[in-house]
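Novice: give me a 3D structure for the following:
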Amino acid sequence: MAEYVQVSTATETRGQAVELARSVVTGRLAAGAQIVGPVVSVFWHEGRFGTGEEWQLLLKTRTDRYAELESRLLRDHPWKNPEVSAVPIVAGSAAYLRWVSAIVGPPESE
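Specialist: Numbering: from 1, shown residues only. Sure thing, here's the model as predicted:
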């Protein structure tokens with residue numbers, strides 16, 4: 001399993017994205033966040049086809065912190081059923097990955 005993941009979610013407004021990013025980064029659940037937007041989304045939701053503009057959050061964390069990060073995002077997200085997904089970071093500069101490890105705190109169970 002990869003030691004690091006990039007987690008993504010999206011919000012309706014830039015302000016919501018900034019608040020979620022601030023919450024998880026200051027809480028040491030993610031080392032950093034990029035907010036991209038607006039982006040156009042095309043989707044099915046509650047049986048209907050839709051399109052809309054969203055603000056995408058990209059968060060970097062260690063795999064051992066993913067569950068806590070997901071829990072916080074789901075708790076604080078303004079949507080009832082937001083996308084929260086992770087993809088493994090299979091390679092990265094050694095200095096960058098050391099930085100992610102140093103910034104993200106230990107799991108709460110430790």
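Novice: how about low-confidence regions in the protein?
Specialist: Applying pLDDT under 70 to the chain picks out residues 1-2, 108-110.
Novice: strands along that one, start to end?
Specialist: Using DSSP state E, the strands of the chain run over residues 4-11, 32-45, 48-62, 85-88.
Novice: from those, which stretch is densest packed?
Specialist: Greatest average neighbour count among these goes to strand 4-11 (a mean of 22), per mean count of other CB atoms under 10 Å. In short, each C-beta sits where N, CA and C put it, glycine included.
Novice: and it, what does it pack onto?
Specialist: Packing contacts for strand 4-11, counted by 3 or more CB pairs under 8 Å, 6 or more residues apart in numbering; DSSP states H and E, involve helix 14-26, strand 48-62, helix 66-76, strand 85-88.
Novice: export it as CSV, just CAs?
Specialist: The C-alpha coordinates for strand 4-11 follow below in CSV (Å, rounded to 0.1, in the frame of the first residue of the first chain):
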residue,chain,number,x,y,z
TYR,A,4,0.9,8.8,0.9
VAL,A,5,-2.4,9.7,-0.8
GLN,A,6,-4.0,12.7,-2.5
VAL,A,7,-7.5,13.2,-1.3
SER,A,8,-10.1,15.1,-3.3
THR,A,9,-13.5,16.6,-2.5
ALA,A,10,-15.4,19.5,-3.9
THR,A,11,-17.6,22.3,-2.6
